[in-house]
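S.K.: below is the structure, and that's it, no one-letter string:
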Ligand SMILES: Cc1ncc(COP(=O)(O)O)c(C=O)c1O
């Protein structure tokens with residue numbers, strides 16, 4: 001296998017005359033030396049460029065960043081500065097975003113099982129709107145209104161009955177789903193009627209999200225058609241078509257761009273009355289390829305006739321996607337960027353599980369050795385945000401790099417952090 005293609009790396013990645021990788025003008029080896037590994041490194045200009053691409057394509061006020069993909073104070077502020085609203089799916093995500101200084105009026109609350117406390121917190125803070133997911137949730141909002149909280153703007157999450165080509169764990173638009181009001185069994189119409197007659201809810205639109213890491217634009221077109229047909233009967237201002245745009249994780253994958261996704265949605269919604277507000281909620285496509293994880297190799301174990309295991313200092317605790325979804329990744333050696341990746345190895349973590357696999361069969365530069373760095377590209381989405389402390393492994397630090405400067409935006413956990421909740 002030849003050297004890793006630059007298109008998998010953050011936009012502002014360069015290879016120096018010494019064959020080393022820099023991101024945002026900072027050598028990866030320097031970042032590893034300064035902040036330690038494992039380390040999440042984000043190219044800040046890449047993040048901003050994807051936010052701007054989405055705002056250019058869909059219009060100001062029509063892009064809601066799905067914070068579940070990656071959130072911390074710096075990311076919340078960046079998305080807000082770039083004019084995106086923020087989709088939060090729990091009280092914890094809302095708290096993180098408010099703590100970062102983003103006003104609740106720039107936030108949208110999601111979730112299939114929002115608690116009374118989460119709803120109260122969001123409404124009291126002045127959330128822009130809530131995407132309501134169930135009849136039980138309507139009951140809870142009505143109770144809060146009866147208790148004195150103000151009328152709240154809502155969209156209703158509709159399950160359009162569309163199957164998408166993605167992993168079943170992240171497919172959400174089919175009838176058999178925990179999310180939303182089913183269109184096909186009449187629940188959606190019942191929910192619309194109930195919301196329209198409720199004194200607690202100001203119905204401002206309908207919403208769907210068919211799944212995540214979707215590559216087939218025809219899936220978006222199909223769901224949009226169903227939603228447009230429904231929306232056209234309702235006389236409401238807003239239609240949200242979710243997120244879900246896939247990204248290329250490996251050399252043989254090719255994903256539509258944000259602009260191509262926008263074209264499909266614009267074509268699907270062109271029959272809507274002028275003034276209809278069509279919004280989207282991208283997460284992965286904003287952050288995934290902006291981020292890489294830097295690991296240090298700790299153990300190399302060749303097993304003759306079977307395979308070589310390369311163990312790194314992180315694993316399923318900083319990136320559970322391979323274990324959860326069988327997701328593929330590539331790796332590269334940031335000191336040997338143009339070397340052909342002629343060896344093959346299984347890249348594994350340090351956890352007490354044989355399933356702790358980061359890349360099942362990775363192409364690597366020859367003779368990877370203990371102490372080498374390995375960079376795993378396209379880990380900017382659903383990596384840090386899904387990280388855990390399994391085996392009491394500390395969560396990595398996160399740095400943003402830009403214009404030759406790096407800044408720590410989330411510090412590495414310490415042993416003290418691991419026991420801070422113990423009583
Ligand atoms: C309601 C909703 N909107 C948006 C997203 C973001 O999806 P993605 O990161 O695939 O763009 C998700 C992710 O699951 C979601 O559940």
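M.R.: That came through, no problem. Everything quoted here is computed from the prediction, not taken from an experiment. Residues are numbered from 1 along each chain as shown.

S.K.: now the stretch 51-200 of the chain against the ligand: closest residue?
M.R.: Proximity of the stretch 51-200 of the chain to the ligand (CB to the nearest ligand atom) peaks at residue 66, 3.4 Å away. No exception for glycine: its C-beta is placed from N, CA and C like everyone else's.

S.K.: confidence score at that residue?
M.R.: Looking at residue 66, its pLDDT stands at 98.

S.K.: which positions in the longest strand along the chain come out as buried?
M.R.: Longest strand of the chain, by residue count under DSSP state E: strand 291-303. Within strand 291-303, the residues scored as buried using 16 or more other CB atoms under 10 Å are 291-297.

S.K.: ok, of those residues, which one's closest to the ligand?
M.R.: For these, the nearest to the ligand is residue 291 (13.2 Å; CB to the nearest ligand atom).

S.K.: which residues touch that closest one?
M.R.: By CB atoms under 8 Å, 6 or more residues apart in numbering, the residues touching residue 291 are 10, 40-43, 70, 378-381, 383-384.

S.K.: tell me, how many residues neighbour the residue nearest to residue 13 when sequence neighbours are not counted?
M.R.: Distances taken as CB to CB, 6 or more residues apart in numbering put residue 23 closest to residue 13, at 5.2 Å, once the chain neighbours are dropped. For residue 23, the neighbour count with other CB atoms under 10 Å is 30.

S.K.: tell me the contacts of residue 23?
M.R.: Taking CB under 8 Å, 6+ apart, one finds 9-10, 12-13, 31, 41, 43, 292, 401 in contact with residue 23.

S.K.: for it, give its distance to the ligand.
M.R.: The spacing between residue 23 and the ligand, counted by CB to the nearest ligand atom, to the nearest Å, is 22 Å.

S.K.: do you know how far that residue is from residue 382?
M.R.: For residue 23, the distance to residue 382 (CB to CB, to the nearest Å) stands at 20 Å.

S.K.: ditto for residue 238
M.R.: 27 Å.

S.K.: so for these two, which residue has more residues nearby?
M.R.: Neighbour count, other CB under 10 Å: between residue 238 and residue 382, residue 382 has more, with 24 against 18.

S.K.: and the more buried one, what is it in contact with?
M.R.: Residue 382 neighbours (CB under 8 Å, 6+ apart): 68-70, 284, 288, 321.

S.K.: distance of it from residue 12?
M.R.: 22 Å.

S.K.: for the residue of the stretch 251-400 of the chain found nearest the ligand, list the residues it contacts.
M.R.: The minimum distance from the stretch 251-400 of the chain to the ligand, using CB to the nearest ligand atom, falls at residue 283 (2.7 Å). Residues near residue 283 by CB under 8 Å, 6+ apart: 65-70, 87, 212, 243, 381.

S.K.: flag every residue of the stretch 1-150 of the chain that's near the ligand.
M.R.: Within the stretch 1-150 of the chain, the positions lying close to the ligand (CB under 6 Å from any ligand atom) are 66, 68-69, 87, 110.

S.K.: and for residue 16, the neighbour number?
M.R.: 10.

S.K.: about what we covered before: partners of the longest strand of the chain, with directions?
M.R.: strand 39-43 (antiparallel), strand 307-312 (antiparallel), strand 373-377 (antiparallel) (DSSP bridges).

S.K.: toward the C-terminus, what is the element adjacent to the longest one?
M.R.: Sequence-wise, the next helix or strand downstream of strand 307-312 (DSSP states H and E) is helix 321-325.

S.K.: now do that following helix: distance to the chain's middle.
M.R.: 14 Å (CA atoms, centre = their mean, to the nearest Å).

S.K.: and what of stretch 374-390?
M.R.: 11 Å.

S.K.: now swap in stretch 104-117 and tell me
M.R.: The answer for stretch 104-117 is 17 Å, by CA atoms, centre = their mean.

S.K.: which residues touch that stretch?
M.R.: 64, 80, 85-91, 94, 97-98, 118-119, 122, 125-131, 133-134, 137, 140, 143-144, 157, 178-180, 281.

S.K.: what are the buried residues along that stretch?
M.R.: Quick answer for stretch 104-117 (16+ other CB under 10 Å): 104, 106-111, 114.

S.K.: now swap in stretch 333-352 and tell me
M.R.: Quick answer for stretch 333-352 (16+ other CB under 10 Å): 333-337, 339, 341, 343, 345-351.

S.K.: which members of the residues of the stretch 1-150 of the chain next to the ligand are positioned in strands?
M.R.: Reading strands off these with DSSP E, I get 66, 87.

S.K.: who wins for most neighbours among the contacts of residue 382?
M.R.: residue 70 (28 neighbours).

S.K.: ok, that residue touching residue 381?
M.R.: Yes - using CB atoms under 8 Å, residue 70 is in contact with residue 381, at 5.9 Å.

S.K.: who touches both of the two?
M.R.: 283, 287, 291.

S.K.: which one of the residues you listed is nearest to residue 367?
M.R.: Nearest to residue 367, judged by CB to CB, of those is residue 291 at 27.6 Å.

S.K.: now do the contacts for the closest residue to the closest one other than its chain neighbours.
M.R.: Sequence neighbours aside, residue 380 is the residue nearest to residue 291 in space, at 2.5 Å (criterion: CB to CB, 6+ apart). Residues near residue 380 by CB under 8 Å, 6+ apart: 40, 42, 69-70, 287-292.

S.K.: now do the SS call for residue 380.
M.R.: At residue 380, secondary structure determined by DSSP: H, G, I helix; E, B strand; the rest coil is coil.

S.K.: also residue 279?
M.R.: strand.

S.K.: how about the contacts made by it?
M.R.: 58, 61-64, 238-241.

S.K.: of those - the most surrounded one?
M.R.: residue 64 (29 neighbours).

S.K.: do you know how far that one is from residue 243?
M.R.: 8 Å.

S.K.: list residues touching both of these two?
M.R.: Counting by CB under 8 Å, 6+ apart, the shared contacts of residue 64 and residue 243 are 280-281.

S.K.: without its sequence neighbours, what residue ends up closest to the most centrally placed residue in the chain?
M.R.: Centroid-nearest residue in the chain: residue 69, 2.1 Å away (criterion: CA atoms, centre = their mean). With CB to CB, 6+ apart as the criterion, residue 69 has its nearest non-adjacent residue at 3.1 Å, and that residue is residue 283.

S.K.: do residue 417 as well
M.R.: Using CB to CB, 6+ apart, the closest residue to residue 417 is residue 394 (6.8 Å).

S.K.: residue contacts, the one you found?
M.R.: 412-415, 417-418.
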